[in-house]
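**Q** Below are the sequence and a predicted model; questions follow.
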Amino acid sequence: MPATVAVGCQFGDEGKGKIIDFLAADADVVVRFQGGANAGHTVQVGDELYAFHLLPSGVLRNRTMNVIGNGVVIDPEQLLKEIDETRARGHPVKNLRISDRAHVVMPYHKVLDGLEEKLKGGLGAGTTLRGIGPAFEDKVGRFGIRMCDLIDPETRRAKLKTIVPIKQRVVDVFGGSERIDAEALSTEYEAYGKRLAPFVGDTSAWLDDAIKRRKRILFEGAQGTHLCIDHGLYPFGTSSDCVAGAAAVGAGVGPQHLTDILGVAKAFTSRVGAGPFPTELEGPIAEHLRERGGGEYGTTTRRPRRVGWFDLVMLRMAVRVNGLTRLALTKLDVLGGLERVRVCIGYRHDGGVLREFPASMRVLADCAPMYREFLGWPDLPEEEWIRIATRGRRALPETTRRYVAFVESQLKVPVRVLSVGRSRAATMGA
Ligand code: GDP
Ligand code: IMO
Ligand code: MG
């Protein structure tokens, strides 16, 4: 039984939450394996809109188990808030397991996130201020507190006693005025640990058993390929590996199980935060892309997203570093109403043409996109897109079909899922 990994191909916010929720109908388990509460995954069921930051996007389906793997950094306060809010909306959230090896985001991580961003000036990524960078720094620096420590009062208190004075010195040196009280922190986190303890366990062993029992497993990537700490824009991405291979490490499963790799890509490009963005648009077309179809505003921070044309240079790299076997293309409806739409096929740089995405931010900032232009398609009402989704890919306007076929032919990866609206119903297998 092949496991499916779904990852973002661009700068995050490709519509992964929506696609995971769609695929979760056939999955027994959904697993988050990296990132943290910097993620904001939107799922719309009927008229109800959910935005998940730490809960996996399969949580609304009661027969699906949801796992937060060891590769995720967990803010317990945020997670409990999400559990409470989801329960208040009628979902029991009993279908959750949390890895005992996942690291905990502490309040001082969020303080340091803000201080580091200020100190970095032009090197700042415009983070979500969720403490992600400092939490991963502590994981790698071996200053971290893991879920198994959080739920063990003695270890938690002992670790905090050593770590807090060090963090206090860092806060002071970085120009912060915040005081960290180890005792108060321990008491606050004891309460979180008590509430989360029933969910915590060895999720790698549990997943191994699920794989042996031939359960269908879906790995839910957060962020996107070009925010990946190794393969993304550096230093303008996030602090975790966001590519498909990270699912094996971040969930504790053997890579041989990960054979179905689905890349989620938006039919144009968007990003929140800083960094070069070759196909970025301003003016009326940017306004169109930002305002249509629910709006391009950060799910976690509500910041307006920067938008631009679809970029095959970014996608070619996503195909390669993730080993994509199929694609989901989202937000085709949002391009509706534009007379012409463009796709970037390469970058012009220094008198030549770059076909691969450059490592250097200085080179990237100097790249000029080369475009192929297509006739647009009409701005259809939501009900019409849903009608099209129920009839399948052949019912799409001809110009939309041509656009999708061009993307497929250039990437040599089949588009197997198409999304033409926010709701579950506006999705089609293709
Ligand atoms: P994620 O982080 O990849 O899960 O994506 P987000 O949820 O942060 O952002 C995607 C946004 O686009 C959300 O508001 C979704 O409801 C919305 N969305 C997803 N797919 C489609 C689509 O095909 N059409 C439209 N109009 N909106 C979509
Ligand atoms: P989902 O899972 C879009 C961006 C931030 C910032 C950079 C570093 O919803 O696709 P961080 O807080 O991680 O240290 O910020 O990465 N970023 C995202 N952008 N979607 C996300 O997640 C993101 N998670 C982080 O805006 O530029
Ligand atoms: Mg998002």
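**A** Structure received. Ligands and ions are numbered 1, 2, ... in the order given.
**Q** contacts and neighbour counts: CA atoms only from here.
**A** OK.
**Q** Looking at the stretch 251-400 of the chain, which residue is nearest ligand 3?
**A** Proximity of the stretch 251-400 of the chain to ligand 3 (C-alpha to the ion) peaks at residue 299, 5.4 Å away.
**Q** Torsion angles phi and psi at that residue?
**A** Note on residue 299: its backbone torsions stand at phi -70, psi -30 [degrees, to the nearest 10].
**Q** what's around residue 340, how many residues?
**A** 12 (other C-alpha atoms under 10 Å).
**Q** sorry, that was for residue 256
**A** Other residues close to residue 256 by other C-alpha under 10 Å number 9.
**Q** and if you look at residue 213?
**A** Counted with other C-alpha under 10 Å, residues neighbouring residue 213 total 10.
**Q** cool, residue 345 as well?
**A** Residue 345 - counted by other C-alpha under 10 Å - has 20 other residues nearby.
**Q** got it, and residue 162?
**A** 12.
**Q** switch to numbering from 23
**A** Okay, residue one is now 23; in that scheme the one you just asked about reads as residue 184.
**Q** Which strands and helices lie in contact with the helix or strand harbouring it?
**A** Here residue 184 is covered by helix 175-195, with elements defined by DSSP states H and E. Using 3 or more C-alpha pairs under 8 Å, 6 or more residues apart in numbering; DSSP states H and E as the contact definition, the elements that helix 175-195 packs against are helix 129-142, helix 169-172, helix 204-218.
**Q** 7 Å instead, please
**A** Contacts defined by 3 or more C-alpha pairs under 7 Å, 6 or more residues apart in numbering; DSSP states H and E place helix 175-195 against helix 169-172, helix 204-218.
**Q** Now do the shortest one: which elements does it pack against?
**A** When you say that, I think you mean helix 169-172. The criterion is 3+ C-alpha pairs under 7 Å, 6+ apart, and the helices and strands that helix 169-172 contacts are helix 175-195.
**Q** got the angle for the helix it packs on vs helix 129-142?
**A** Orientation note: helix 175-195 sits at an angle of 20 degrees relative to helix 129-142 (axes from the mean of the first three to the mean of the last three C-alpha atoms, to 10 degrees).
**Q** what mean pLDDT does helix 175-195 have?
**A** In this model, helix 175-195 has an average pLDDT of 97.
**Q** Tell me which residues are up against it.
**A** Outside helix 175-195, the residues that touch it by C-alpha atoms under 7 Å, 6 or more residues apart in numbering are 134, 165, 171, 172, 201, 202, 204, 208, 212.
**Q** Distance of the second one relative to ligand 3?
**A** Here the distance between residue 165 and ligand 3 works out to 29 Å (C-alpha to the ion, to the nearest Å).
**Q** ditto for the fifth one
**A** According to C-alpha to the ion, residue 201 stands 32 Å off from ligand 3.
**Q** list the contacts for that residue?
**A** Contacts of residue 201 by C-alpha under 7 Å, 6+ apart are residue 190.
**Q** Flag every buried residue along the helix or strand residue 424 falls within.
**A** Using DSSP H and E, the secondary-structure element containing residue 424 is helix 420-433. Of the residues in helix 420-433, those buried by neighbour count under the rule 16 or more other C-alpha atoms under 10 Å are 422, 425, 426, 429, 433.
**Q** do the same with stretch 42-51
**A** Taking 16+ other C-alpha under 10 Å as the criterion, stretch 42-51 shows 42, 43, 44, 45, 46, 49, 50, 51 as buried.
**Q** circling back to that earlier point, say whether ligand 1 is contacted by the next helix or strand after the helix holding residue 424.
**A** Helices and strands here follow DSSP H and E; after helix 420-433, the next one along the chain is strand 437-441. Yes: contact between strand 437-441 and ligand 1 is present through residue 441 (criterion: C-alpha under 6 Å from any ligand atom).
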